[in-house]
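> model the structure of this input:
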Amino acid sequence: MKAILVVAFIVSFISVTVNASTMVGGFTEQDASKKEYHEQAWKAVKGINDQASNNGPYYYVPIKVTKAHTQVVAGLNTKLEVLVGESSCKKGDMQPHELTSSNCNVKDGGSRAIYQVTIWEKPWENFEQFTVEKVRDVSADEQI
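The predicted structure follows:
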């Protein structure tokens, strides 16, 4: 009887371990190079620049989305890891919602950082909520 329980436990453990990466309701890794994720990173610029960690005179703008994950909930959660850099656009000269990749370039030698951006969307309600958190600073010579 004990042997049957031990075997059943081992089989259950292996099954859970193997299937953990595809857990229903969990986050699923996506291709971070997709255009839609870069666009979402630009939408998060206001939240990134509202952070107390960006107290410099220039806006931070997205350089690259390094990771992307999605989760189906009551809507869709998208979690992005975004490399941002100090731009040539000075705070006060324009509003964060006016920043685009065509009018605000990354400044050479400017500071860089990684931010985690989570977007919760419910399109049928025209609902979009951004949560932004600084992960760490990135040194000028660090390749990402």
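
> correct me, but Val106 touches Leu83?
No: counting by Cβ atoms under 8 Å, Val106 sits too far from Leu83 to count as a contact (9.9 Å). Bear in mind the C-beta positions are built from the backbone N, C-alpha and C, glycine included.

> helix, strand or coil for Gly47?
Assigned by DSSP: H, G, I helix; E, B strand; the rest coil, the conformation of Gly47 is helix.

> now do the contacts for it.
Going by Cβ atoms under 8 Å, 6 or more residues apart in numbering, Gly47 touches 117, 130-132.

> quick revisit: name the residues contacting each of Val106 and Leu83.
Residues touching both Val106 and Leu83 (Cβ under 8 Å, 6+ apart) are Ile63.

> how much space between Gln129 and Asp93?
Applying Cβ to Cβ, to the nearest Å, the value for Gln129 to Asp93 is 28 Å.

> secondary structure element holding Trp120?
Element membership for Trp120, per DSSP states H and E: strand 112-122.

> dump the following helix or strand past that strand to PDB, restricted to CA.
Tracing the chain C-terminally past strand 112-122 and defining elements by DSSP H and E, one meets strand 127-138 next. Only the C-alpha atoms of strand 127-138 are listed here, as PDB (Å, rounded to 0.1, in the frame of the first residue of the first chain):
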ATOM      1  CA  PHE A 127      -9.800  50.100 -19.900                       C
ATOM      2  CA  GLU A 128      -6.000  50.300 -19.700                       C
ATOM      3  CA  GLN A 129      -3.900  50.400 -16.500                       C
ATOM      4  CA  PHE A 130      -0.200  50.800 -16.300                       C
ATOM      5  CA  THR A 131       2.000  49.800 -13.400                       C
ATOM      6  CA  VAL A 132       5.700  50.900 -13.600                       C
ATOM      7  CA  GLU A 133       8.600  49.800 -11.400                       C
ATOM      8  CA  LYS A 134      12.300  50.500 -11.700                       C
ATOM      9  CA  VAL A 135      14.300  47.400 -11.600                       C
ATOM     10  CA  ARG A 136      17.900  48.800 -11.800                       C
ATOM     11  CA  ASP A 137      20.200  51.200 -13.400                       C
ATOM     12  CA  VAL A 138      22.300  50.100 -16.400                       C
END
